[in-house]
Structure formats: C-alpha cells, structure tokens
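Novice: Take a look and give me a structure for this.
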Amino acid sequence: MSDTPSRIDVPADSRDLPGVFSHRFVVDVRFGDTDAMGHANNSRFLTYCESARISYWEHVTGHSFALVTHGARESLILADIRVTFRSPAMFGEVLTVESRATRVGRTSFILEHRLTASASAHGEARLVATAEDVLVLYDYATERPQAIPDDVIARLEAFEGRSLRA
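Specialist: Model (predicted):
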C-alpha cells in the first residue's frame, strides 16, 4: 500500500480517470477469480474494489472496518457502485487498485478507483477498469444513515489534500 499521491503509469487511454490517487492496494488475480473465458470474472472486480475500500477507510480514518456481527453498532455500507471495464485481467496478473475520495456529504462519500495491470506474460501494463462507489455511514441500531463525524471528514480531506465537502 502506498499513500503518496501518484498515478500508476500505463499507456494513455481516453477512458481513464484523470489526476492522481492517494491510496494503492495490490491484488493478485487468482485462478478462482477466473471464469470459463479465462479472465477475471466481472463479479471479482466488486471484491477488488471492496478490499481497496476497506484498506482506504482503515488507513485514512484510523478506524477499523466494523463488523456488526462482532458487536459494532455502525459501519459503512455500499449504497451504489459502478464499474466500467476496459481490458480483461488474467490469472497470475497483479492489479493495483488506486483509490481516492472525491466528495463527502452529510452521511455519505464517494470513492473512485482505478484498476491497472502490471506488465506480465499476458501483456503490457494497462488500464483494466474504473469504478465509483457511494458509501454510507450506517447505524444498525436505528437502521438509518448516520452523519459522518467532522473528525473523519477532516482526516479524509487531509489525506486527499483538498476540501471534499459537497
């Protein structure tokens, strides 16, 4: 994991997300991730983004990702995700999921992800997918969204180096 604002270098692609990303999470494409076509199944990209999202949250906020089954009252829930596929990922490839927060509202925030493959026997380094998540801080006791605390917003903004408030 890296938290130095940067960008994985891959050939230019007009469908790519511009700008730098402050967080990286590395994923190995496992054999079990692949489908009958021999590439990572589209559902696996949700898991890759989920792993990056949890890593981002824990690293940036200093809060562990709470599990309600372990007695937590509140946690993040995924309200929406959009994945745009650009190139197949193959078994044995190493993907980097770059993440950044782009906006914080009262109870939710948006993360963007950029998934790239390193050069390998399967091909050159390339953009594999982009994604956007909407995450909501949720109170399971009241079954309602909860306001994101000011100190958490401050940590997100400090990490990203800019204001994120909507």
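Novice: drop to CA atoms for contacts and neighbour counts, all remaining ones
Specialist: Noted.
Novice: Okay, helices next: where are they in the protein?
Specialist: Ranges of helices in the chain, per DSSP state H, are 42-61, 150-160.
Novice: Let me know the angle separating the longest one from helix 150-160.
Specialist: For helix 42-61 against helix 150-160, the angle between stretch directions is 110 degrees (axes from the mean of the first three to the mean of the last three CA atoms, to 10 degrees).
Novice: What residues of helix 42-61 count as buried?
Specialist: 42, 45-46, 48-49, 52-57, 60-61 (16 or more other CA atoms under 10 Å).
Novice: As TSV, those residues with pLDDT and distance to L127 would be great.
Specialist: Converted to TSV, the buried residues of helix 42-61 look like this (pLDDT from 0 to 100; distance: CA to CA, whole Å):
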residue	pLDDT	distance to L127
N42	94	15
F45	97	13
L46	97	16
Y48	98	14
C49	97	15
A52	97	16
R53	95	19
I54	94	22
S55	95	21
Y56	96	20
W57	94	24
V60	94	25
T61	90	28
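Novice: Among these, which one sits closest to D28?
Specialist: Y48 (9.5 Å; CA to CA).
Novice: how close does the closest residue to that closest one other than its chain neighbours get to A40?
Specialist: Counting by CA to CA, 6 or more residues apart in numbering, Y48 lies nearest to V27, which is 6.9 Å off, once chain neighbours are set aside. In this structure, V27 and A40 are 12 Å apart, going by CA to CA, to the nearest Å.
Novice: and these two? which has more neighbours close in?
Specialist: A40 (21 against 17; other CA atoms under 10 Å).
Novice: is the more buried one in a bridge, and if so with what?
Specialist: Judged by DSSP bridges, the bridge partners of A40 are T34.
Novice: Would you mind confirming that it is in contact with G92?
Specialist: No - checked against CA atoms under 8 Å, the pair A40 and G92 is beyond contact range at 10.1 Å.
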